[in-house]
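Trainee: okay, predicted coordinates and the sequence, questions at the end:
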Amino acid sequence: MKKKIFLIVLLLGMVSSGFSQKKTITYKLIENLSYTDVYEGKKDDYMKERCKLDIYYPKNQKDFATVVWFHGGGLTGGEKSIPNDLKNKGNAVVAVNYRLHPKVKCPVYIEDAAASVAWVFRNIAKFGGDPAKIFVSGHSAGGYLASMVGLDKSYLAKFGVDANSIAGLIPFSGHTITHMTVRKENGVGNKQPVVDKFAPLFHVRADTPPLVLITGDREIEMLGRYEENAYMYRMMKVAGHKETSLYEMPGFDHGTMAWPASHILQKHIEKILKSKQD
C-alpha cells in the first residue's frame, strides 16, 4: 500500500513539475521596419515614409502563425497598430502602413499591401515564424486590401509570391465590390456599385486560400457591406470554392464589429492549421 501511495505521489510530482516548467510565451514588438526592399527601382520620400510595418511576435516560440493586418480608413487615412484583440494569442501580428489617396491613386495602395505581404513571406522565418502559416486580414479598407492581395494573384506575383501560399484570408467588413475611394477617383459616387478588376468579386475562383468573410449587423453596417459579402460568399460557392465562410455580427456596426470578429479570426486560424496537420 505504501508503495502505491509513493508511486501516486511521484507521478503527481512529475505532472506538477511538467506544468511548472511549461514555457511562458513572451512577446517582442519591433516598429517601423521598411518593406521597400521588395520593390525595384526608384523609391520616393512618400514611399519611404509610409511603407513601414510593425511586428509583434512570440520571441521564445518557433514555427508560429502570423497575421498580416491592414488598418482601415477608407484608403485615405489611418495608421498601423497592433490590435489589442489580436495580442497574446501565440501568433505574430504584422501591422502595415501603406500609401494613401490623394497622394497616390489606385492601384498603388494595393501594390503596397502586396509588397508588405511579400516581405513577410521573405522574412518571418528570421523571427521564428513559419511562412506556410501566414494569414492576411484587416478592417474596412484593410479588409478590402486583404481580399485584393489574396484573390487577384497578379499583385503578389510581381514580388515572386504565389497568392495561394497564403494560409487564409480573413477580411473584416471589407468591400467586395470596387472600393468607394477607387470609384471616387473615377468620378463614381459611393452609392453607385461597380464591379471591375479592382473588386474582389471580380476575382472569385475555386483555388483561393480559405476565405472568412465577417461583417457587422446588416441593418447598421456601412452601405450594404453585409450584402456585398453575402454575394461574395455565394459566388465563391458557385465558383467551386469549398472553404468560404460568412459571419454577421448582430448588434455590432461597422466600427465595433472588429472585437467579436477577432475571436472568429483566431478560431479559424486554429481550424485551418489543424486541417493542414490532419
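Mentor: Looks like it arrived, so ask away.

Trainee: only C-alpha atoms from now on, for both contacts and neighbour counts.
Mentor: Noted.

Trainee: where does Leu33 land in three-state SS?
Mentor: strand (DSSP: H, G, I helix; E, B strand; the rest coil).

Trainee: just give the number of residues close to it.
Mentor: Using other CA atoms under 10 Å, Leu33 has 12 neighbouring residues.

Trainee: which ones are touching it?
Mentor: Lys52, Leu53, Asp54 (CA atoms under 8 Å, 6 or more residues apart in numbering).

Trainee: for the nearest residue to Phe121 once chain neighbours are set aside, grab phi and psi.
Mentor: Nearest in space to Phe121, with sequence neighbours left out and distances taken as CA to CA, 6 or more residues apart in numbering, is Pro131 at 5.4 Å. Backbone dihedrals for Pro131, given as degrees, to the nearest 10, come out at phi -60, psi -20.

Trainee: what's the distance between Pro131 and Thr66?
Mentor: Distance, Pro131 to Thr66, by CA to CA, to the nearest Å: 8 Å.

Trainee: tell me which of these two has more neighbours.
Mentor: More crowded of Pro131 and Thr66, by other CA under 10 Å: Thr66, with 27 against 20.

Trainee: mind listing the helices for the protein?
Mentor: Assigned by DSSP state H, the helices in the chain fall at 2-20, 45-50, 108-123, 141-151, 154-157, 180-185, 225-239, 258-277.

Trainee: tabulate the CA atom coordinates of the last one in PDB.
Mentor: Taking C-alpha atoms only, helix 258-277 is exported to PDB below (Å, rounded to 0.1, in the frame of the first residue of the first chain):
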ATOM      1  CA  ALA A 258     -13.800  44.200 -35.100                       C
ATOM      2  CA  TRP A 259     -13.900  43.000 -31.500                       C
ATOM      3  CA  PRO A 260     -16.100  39.900 -32.000                       C
ATOM      4  CA  ALA A 261     -14.600  39.300 -35.400                       C
ATOM      5  CA  SER A 262     -11.100  38.900 -33.800                       C
ATOM      6  CA  HIS A 263     -12.400  35.800 -31.900                       C
ATOM      7  CA  ILE A 264     -13.700  34.300 -35.200                       C
ATOM      8  CA  LEU A 265     -10.300  35.100 -36.800                       C
ATOM      9  CA  GLN A 266      -8.400  33.200 -34.100                       C
ATOM     10  CA  LYS A 267     -10.800  30.200 -34.200                       C
ATOM     11  CA  HIS A 268     -10.400  29.900 -38.000                       C
ATOM     12  CA  ILE A 269      -6.600  30.200 -37.700                       C
ATOM     13  CA  GLU A 270      -6.700  27.200 -35.300                       C
ATOM     14  CA  LYS A 271      -9.100  25.300 -37.600                       C
ATOM     15  CA  ILE A 272      -7.100  25.900 -40.800                       C
ATOM     16  CA  LEU A 273      -3.800  24.900 -39.100                       C
ATOM     17  CA  LYS A 274      -5.400  21.800 -37.700                       C
ATOM     18  CA  SER A 275      -6.700  20.800 -41.100                       C
ATOM     19  CA  LYS A 276      -3.200  21.200 -42.600                       C
ATOM     20  CA  GLN A 277      -1.900  18.800 -39.900                       C
END
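
Trainee: packing partners for it?
Mentor: Contact partners of helix 258-277 among helices and strands, from 3 or more CA pairs under 8 Å, 6 or more residues apart in numbering; DSSP states H and E: strand 129-139, strand 168-172, strand 211-216.

Trainee: the same query, at a cut-off of 7 Å, please.
Mentor: Secondary-structure packing of helix 258-277 (3 or more CA pairs under 7 Å, 6 or more residues apart in numbering; DSSP states H and E): strand 168-172.

Trainee: next, the angle from the strand it packs on to helix 141-151.
Mentor: 160 degrees (axes from the mean of the first three to the mean of the last three CA atoms, to 10 degrees).
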